[in-house]
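Novice: When you get a sec, could you give me coordinates for this:
(chains A and B)
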Amino acid sequence: MRVDASYAVLRSAVLVSAVALSVGLAGPVRADTPAAVADPGLATALAADPKLEADAMELSHKLRCLVCQNQSIAESNAPLAVDLRDQVREQLAAGKSKEDVVDYLVERYGDFVLYEPPFKAATALLWLGPAALLFGGAAWLAFRLRRRRDEVAAQKTLSAADRTRARALLESAPGAAHSESPESRS
Amino acid sequence: MKAKFLVPLLLFFGLAGFLAFGLTLNPREVPSPLIDKPAPDFSLARLDQPEQTFSLKEMQGEVWMLNVWASWCVACREEHPLLVQMAKRKIVPVVGLNYKEVRGDGAINARGMALEVETGMAIERARRWLTDHGDPYVLSVLDIDGRVGIDFGVYGVPETFLIDRQGTIRYKHIGPITPDTLQNVLIPKIEELRRAG
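Specialist: Residues are numbered from 1 along each chain as shown, chains lettered A, B, ... in the order given. Have a look, this model is predicted:
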């Protein structure tokens, strides 16, 4: 009874504080804050339109830098990445679609610039390999399990001859099974 | 079926074989999609006569090479004596694409620099470099902002493109040309392209 009551108190306390916390946190965020002031030293040639800039950055994150190959052109500060980022921005601003911009880069640098390689003959193994492994493995496992089940089922039913042999063994040596076990445990 | 226990071992050797092959590949060499495609056209100011421009059609009918270089490029320094030697032996005409001469140099802050100032600086630096190290080029052109470089899929300097009589890119060499690649790859390819007409 006492446990139940204290639990209820605790739960309501948690609820109240959670609500208070969320209100407290949401308050300043909802207030109209000015957009982050661009640092002239850091921000290079941002597009004036924030929507366009967001699109350009989103696309840049999907494109691989050729100099720092483990970074996207959005992340890399290699001069080429800066140039390519500018190209993406410029072309989107000129009204080209994202596909056009991607095609422009693939024409020059190949599929290498895409973090998500297209599906074609050369990449079929890459795209289908994991699924083939999964389903192949599952099929193999199912086959093995079924075979084992059949084997066990076959062993369960004793033939008439086995049955009489087993009975004969049990009757001839009644203490054999018991005398063996303590030794093997030691 | 006695040798069943060998299956994991064989799988391991198969995997090790793939990984060993992977180690022999160079991830820095990105295959160019421009091979066997027409070279992208451009019109850029010449280094020797900046008031004149050079474009691809001037080399039509010739097998030639486009060599991307810059004075700030260390690997170009390594490659340059071989280019000079090639020019002396008249192996193939080489056009130089001077790539981002000023803004490519990490030591210079070209941001906010007026284009005329940058161009003047690029001409001065590039000319001085060719005077110091020898000029193996039929001519060089100035790619101040690296835009033509992007059209050619340049991602590092030096890079060299072999272009046939019809203006099609036939081969791309990434990094400095070595005597070995010149002898065993470039010269045979040049001869083959010349025979093909």
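Novice: Output stretch B:140-149 as CSV - backbone C-alpha positions only.
Specialist: Listed next in CSV are the C-alpha coordinates belonging to stretch B:140-149 (Å, rounded to 0.1, in the frame of the first residue of the first chain):
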residue,chain,number,x,y,z
SER,B,140,50.1,27.5,-72.2
VAL,B,141,46.7,28.7,-71.4
LEU,B,142,45.4,30.3,-68.2
ASP,B,143,42.7,28.7,-66.3
ILE,B,144,42.4,31.3,-63.6
ASP,B,145,39.4,29.9,-61.7
GLY,B,146,39.9,26.2,-62.6
ARG,B,147,36.6,26.0,-64.4
VAL,B,148,38.1,24.3,-67.5
GLY,B,149,39.9,22.0,-65.1
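Novice: check contacts around residue B:174.
Specialist: Contacts for residue B:174 (CB atoms under 8 Å, 6 or more residues apart in numbering or on different chains) come out as B:28-30, B:156, B:159. The way it works is simple: take the backbone N, C-alpha and C, and place the C-beta from them, glycine included.
Novice: May I ask which of those has the most neighbours?
Specialist: Among those, the one with the most neighbours (other CB atoms under 10 Å in any protein chain shown) is residue B:159, at 23 neighbours.
Novice: Which pLDDT value belongs to that residue?
Specialist: Residue B:159 carries a pLDDT value of 96.
Novice: so it sits right up against residue B:68, yeah?
Specialist: Yes - between residue B:159 and residue B:68 there is a contact at 4.6 Å, judged by CB atoms under 8 Å.
Novice: Please name the residues that touch residue B:77.
Specialist: residue B:133.
Novice: which SSE is it in?
Specialist: helix B:74-88 (DSSP states H and E).
Novice: State the distance from residue B:68 to residue B:138.
Specialist: Applying CB to CB, to the nearest Å, the value for residue B:68 to residue B:138 is 15 Å.
Novice: Please, where are all the helices along the chain?
Specialist: Just so you know, I chose chain A. A:2-30, A:50-60, A:79-93, A:98-109, A:124-156, A:160-172, A:176-185 (DSSP state H).
Novice: my bad, the chain I had in mind was chain B
Specialist: Using DSSP H, helices in chain B cover B:7-24, B:74-88, B:115-133, B:147-151, B:179-181, B:187-196.
Novice: Highest mean neighbour count out of the ones you listed?
Specialist: For those, average neighbour numbers computed from mean count of other CB atoms under 10 Å in any protein chain shown are highest in helix B:147-151, which has a mean of 20.
Novice: pLDDT below threshold where in chain A?
Specialist: By pLDDT under 70, the low-scoring segments of chain A are A:1-45, A:174-186.
Novice: Any residues of it in contact with chain B? List them.
Specialist: A:44, A:66-67, A:69, A:79-80, A:83-84, A:87, A:106-112 (CB under 8 Å from any CB of the partner chain).
Novice: Keep only the contacts of residue B:174 that also lie close to chain A.
Specialist: Here is what survives when those are matched to chain A using CB under 8 Å from any CB: B:28, B:30, B:156.
Novice: so which one among the residues you listed has the lowest pLDDT?
Specialist: residue B:28 (82).
Novice: That one: what's it in contact with?
Specialist: Per CB under 8 Å, 6+ apart, neighbours of residue B:28: A:69, B:156, B:174-175.
Novice: and with 7 Å instead?
Specialist: By CB atoms under 7 Å, 6 or more residues apart in numbering or on different chains, the contact list for residue B:28 is empty.
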